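Enquirer: Give me coordinates for this.
(one chain, ligands or ions: 2)
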Amino acid sequence: MDTRVISTKNQAEAGTNLGAELIKSGEIVAFPTETVYGLGANGFDEAAVQKIFEAKGRPNDNPLILHVAKKSDVKELWAHVPKSANLLMDTFWPGPLTLIFNRSDKIPDAVTAGLDTVAVRMPQDKTARMLIQKAGVPIAAPSANLSGSPSPTKAEHVLSDLGGKIPLILDGGDCRVGVESTVLSLVGRPTILRPGAVTHEMLEAVIGEVRIADCVLSPMKEGATALSPGMKYKHYAPKARVKVVCGEPKNVARRILELYVQNNIRGVVCEIAATEQTRQFYRGKNYVIMGDRQDPATLCKNLFSTLRELDERCDLILAEGTDTKDSGLAFMNRLLRAAGFEIEKV
Ligand code: TXA
Ligand code: MG
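Expert: Residues are numbered from 1 along each chain as shown. Ligands and ions are numbered 1, 2, ... in the order given. Next comes the predicted model:
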């Protein structure tokens, strides 16, 4: 199959028209959102949704998020709309917050992987909303990467993972946020299943106490039931080994340099995923600055593209960990998974 790439910078109308036609005819289309690129299908069309799982190589028991163009669309997707959801939608939609609640019976099992809940989000990205509006249905969409690899934040990432497998990629340039949406379950006590740019602190300011699922910063225990099935899979992992070092920036840099030299002697090609605060320590070494520790949103924005870029040219990525305040929680959640939880504290 030929994969067409259409830039939405100058062809937003034509691109979204074609995308909507494809979605209506049961095809799958990659499109930009403010978080990461999505791979979308008509959320009411079971056969179309199956194509997403096939193209990504995604396990069938991992449910999808339905993307809507307006808040009132949740009424036909959920059993009812809880009060907390109304508050959260008014504050954070459109934007990088996914809400989970009891599903209505309109939704095919393929979307929810048989669960009795469904995840919904209204993206902020204009192209995404235009596409959903024109398609006239909620769009079921996971991230547009091969299952297990780092999520795509540029159209070229989608092309490299899914080129030849899908008919169309809408190219909206670099994603603003760079990590996937916050996933918040409103079934029972509000619980963050996946942290994102809408932070724990921001959510608590609107609805009071919000829990953070255990699996956000630690591996799923063997045999435990996953609140969010996505948590139990290997995630965001490049082919290179990733090792995370956490602590005071100066100590982190010292330890990373030690590991860098030790590994180089053994012929292991290393790259350092660093921060602004430690740049000065790495002169003469292979390194990339992901962002600023004082502004963890910058770390999130560049994390996945850095992992993909470094993967091309090394065997071992030595990555700096940070604290978990604000967007630091989303950053560490993704980084630890990319590293298979290989972490050293100094
Ligand atoms: O930012 C995003 O959310 C992106 C863009 C494309 O919108 N989408 C995305 O989808 O990240 P995906 O499929 O890669 O991640 C969805 C996560 C998975 O961890 C999945 O297990 C979880 O949400 N999820 C979906 N429905 C759920 C449900 N009913 N209960 C619990 N977890 C659910
Ligand atoms: Mg994903």
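Enquirer: List the backbone torsions phi and psi for the nearest residue to Glu309 once chain neighbours are set aside.
Expert: Distances taken as C-beta to C-beta, 6 or more residues apart in numbering put Val288 closest to Glu309, at 6.8 Å, once the chain neighbours are dropped. In short, each C-beta sits where N, CA and C put it, glycine included. Per-residue torsions, Val288: phi -130, psi 140 (degrees, to the nearest 10).
Enquirer: Near Val288, how many other residues are there?
Expert: When counting by other C-beta atoms under 10 Å, one arrives at 17 neighbours for Val288.
Enquirer: what's near enough to touch it?
Expert: Glu271, Ile272, Ala273, Ala274, Thr306, Glu309, Leu310 (C-beta atoms under 8 Å, 6 or more residues apart in numbering).
Enquirer: Including neighbour count and secondary structure, could those residues go into TSV?
Expert: What follows is the contacts of Val288, written out as TSV (neighbours: other C-beta atoms under 10 Å; DSSP: H, G, I helix; E, B strand; the rest coil):
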residue	neighbour count	secondary structure
Glu271	23	strand
Ile272	26	strand
Ala273	25	strand
Ala274	25	strand
Thr306	24	helix
Glu309	16	helix
Leu310	23	helix
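Enquirer: Just put those in TSV and tack on pLDDT and distance to Ser185.
Expert: Formatted as TSV, those follow (pLDDT from 0 to 100; distance: C-beta to C-beta, whole Å):
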residue	pLDDT	distance to Ser185
Glu271	98	37
Ile272	98	36
Ala273	98	31
Ala274	98	35
Thr306	97	30
Glu309	96	34
Leu310	97	33
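Enquirer: where does Lys243 land in three-state SS?
Expert: Judged by DSSP: H, G, I helix; E, B strand; the rest coil, the three-state class of Lys243 is strand.
Enquirer: Need the contact partners of stretch 262-277.
Expert: Contacts of stretch 262-277 with the rest of the structure, by C-beta under 8 Å, 6+ apart, involve 240, 249, 253, 256, 259-260, 282, 285-294, 299, 306-307, 310, 313-320, 322.
Enquirer: mind listing what the helix or strand where Met290 lies pairs with, with the direction of each?
Expert: Taking DSSP states H and E as the criterion, the element that holds Met290 is strand 287-291. Sheet pairing for strand 287-291, assigned by DSSP bridges, gives strand 270-275 (parallel).
Enquirer: how distant is the partner strand from the center of its chain?
Expert: 21 Å (C-alpha atoms, centre = their mean, to the nearest Å).
Enquirer: List the contacts of the closest residue to ligand 2 within the chain.
Expert: Shortest the chain-to-ligand 2 distance, computed as C-beta to the ion: residue-wise this is Ser143, at 3.5 Å. Residues near Ser143 by C-beta under 8 Å, 6+ apart: Val36, Tyr37, Gly38, Leu39, Ser151, Pro152, Glu180.
Enquirer: Ligand 1 versus the last one, what's the distance?
Expert: Looking back up the chat, that one is Glu180. Distance from Glu180 to ligand 1, counting by C-beta to the nearest ligand atom, to the nearest Å: 3 Å.
Enquirer: Alpha carbons only: can I get the strand holding Met290 in CSV?
Expert: Extracted C-alpha coordinates of strand 287-291, given in CSV (Å, rounded to 0.1, in the frame of the first residue of the first chain):
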residue,chain,number,x,y,z
TYR,A,287,25.1,13.9,24.3
VAL,A,288,21.8,15.5,23.6
ILE,A,289,20.0,18.0,25.8
MET,A,290,16.4,16.9,26.3
GLY,A,291,15.3,20.0,28.2
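Enquirer: quick one: average pLDDT of that strand?
Expert: In this model, strand 287-291 has an average pLDDT of 98.
Enquirer: what separates it from the chain centre, distance-wise?
Expert: Using C-alpha atoms, centre = their mean, the mean C-alpha position of strand 287-291 is found 20 Å from that of the whole chain.
Enquirer: Please apply the same query to stretch 146-159.
Expert: Counting by C-alpha atoms, centre = their mean, stretch 146-159 comes out at 10 Å from the chain centroid.
Enquirer: Tell me if that stretch is near ligand 1.
Expert: No - using C-beta under 6 Å from any ligand atom, stretch 146-159 stays clear of ligand 1, with a minimum separation of 6.6 Å.
Enquirer: can you redo the contacts of Val288 as TSV with distance to ligand 2?
Expert: Below are these laid out as TSV (distance: C-beta to the ion, whole Å):
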residue	distance to ligand 2
Glu271	24
Ile272	26
Ala273	20
Ala274	26
Thr306	17
Glu309	19
Leu310	20
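Enquirer: Helices of the stretch 51-200 of the chain, residue ranges please.
Expert: For the stretch 51-200 of the chain, applying DSSP state H, counting those that start in this stretch gives helices covering 83-92, 109-112, 126-135, 155-162, 200-207.
Enquirer: export these to JSON lines and tack on mean pLDDT?
Expert: Listed next are the helices of the stretch 51-200 of the chain as JSON lines, based on pLDDT from 0 to 100:
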{"stretch": "helix 83-92", "mean pLDDT": "98"}
{"stretch": "helix 109-112", "mean pLDDT": "96"}
{"stretch": "helix 126-135", "mean pLDDT": "98"}
{"stretch": "helix 155-162", "mean pLDDT": "98"}
{"stretch": "helix 200-207", "mean pLDDT": "98"}
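Enquirer: Spell out which parts of the stretch 101-250 of the chain neighbour ligand 1.
Expert: Residues of the stretch 101-250 of the chain that fall close to ligand 1, judged by C-beta under 6 Å from any ligand atom: 112, 115, 117-119, 121, 141-143, 180-181, 183, 193-194, 228-230.
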